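J.: Give the three-dimensional model of this entry:
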Amino acid sequence: MGLILLHFALAIWFGGGLAVLFGTRAIFRVAETRKQGGIFSGAVLASFFGLRWAAVALTAVAWFFLRAWPTYWATAAAAFTLAQAPLDASIRRFRDQIGGSTEGLGPDDPRRKRWGALHGICVLLLLAQIACAGAGLLLP
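T.: This next block holds a predicted model:
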């Protein structure tokens, strides 16, 4: 039972992460404005936020059934999820402060640079979760 739960958690991180990655890119390609793309992408990311926490919970339950620490890859994906949580909260607060979009901010505006840094770190953490989950699904 533990291995099934563990693989399900890894599948959530891997498949969900890829869906979010490609889905948000597609949203920005077809959105009429960057603000609209940001609103839609934000909704997709908020939905995946809950799924990532479900994967963390499944990993914890798998640990209970296995009576051993879950695989390195699931543990790493969970750690990256935990590391991303405060950054996600910062991005939500920041987005509320600037009115939901960076469109009105000039290229030299420090708020745009802060947004870019937060966004970049979150994307890297999402890619790390996807990579760990994929490795966990492929490697014994």
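J.: Can you list the buried residues in stretch 49-64?
T.: By neighbour count, with 16 or more other Cβ atoms under 10 Å as the criterion, the buried positions of stretch 49-64 are 49, 51-52, 55-56, 58-59, 61-63. (Glycine included, C-beta is placed from N, CA and C.)
J.: Widest-spaced pair of the residues you listed?
T.: F49 and W63 (22.0 Å; Cβ to Cβ).
J.: thinking again about what came up before, go through the buried residues of stretch 49-64 and name the one nearest L137.
T.: Distance to L137 across the buried residues of stretch 49-64 (Cβ to Cβ) is lowest for A55, with 12.4 Å.
J.: Tell me the secondary structure of that closest one, please.
T.: The three-state label given to A55 by DSSP: H, G, I helix; E, B strand; the rest coil is helix.
J.: so it makes contact with A78?
T.: Yes: between A55 and A78 a contact is recorded at 7.4 Å, counting by Cβ atoms under 8 Å.
J.: Just the mean pLDDT for stretch 56-63, thanks.
T.: In this model, stretch 56-63 has a mean pLDDT of 91.
J.: quick revisit: quick one: which of the buried residues of stretch 49-64 is nearest W73?
T.: Nearest member of the buried residues of stretch 49-64 to W73, counting by Cβ to Cβ, is T59, at 10.1 Å.
J.: Which strands and helices lie in contact with the helix or strand where the closest one lies?
T.: Using DSSP states H and E, T59 sits in helix 34-66. The elements that helix 34-66 packs onto, with contact taken as 3 or more Cβ pairs under 8 Å, 6 or more residues apart in numbering; DSSP states H and E, are helix 2-11, helix 17-30, helix 72-97.
J.: how far out from the middle of the chain is that helix?
T.: Centroid displacement of helix 34-66 relative to its chain, using Cα atoms, centre = their mean, to the nearest Å, is 7 Å.
J.: shift numbering so it begins at 496
T.: All set: I'll call the first residue 496, so the last point we hit is now helix 529-561.
J.: now the angle from that helix to helix 497-506?
T.: Interaxial angle, helix 529-561 versus helix 497-506 (axes from the mean of the first three to the mean of the last three Cα atoms, to 10 degrees): 170 degrees.
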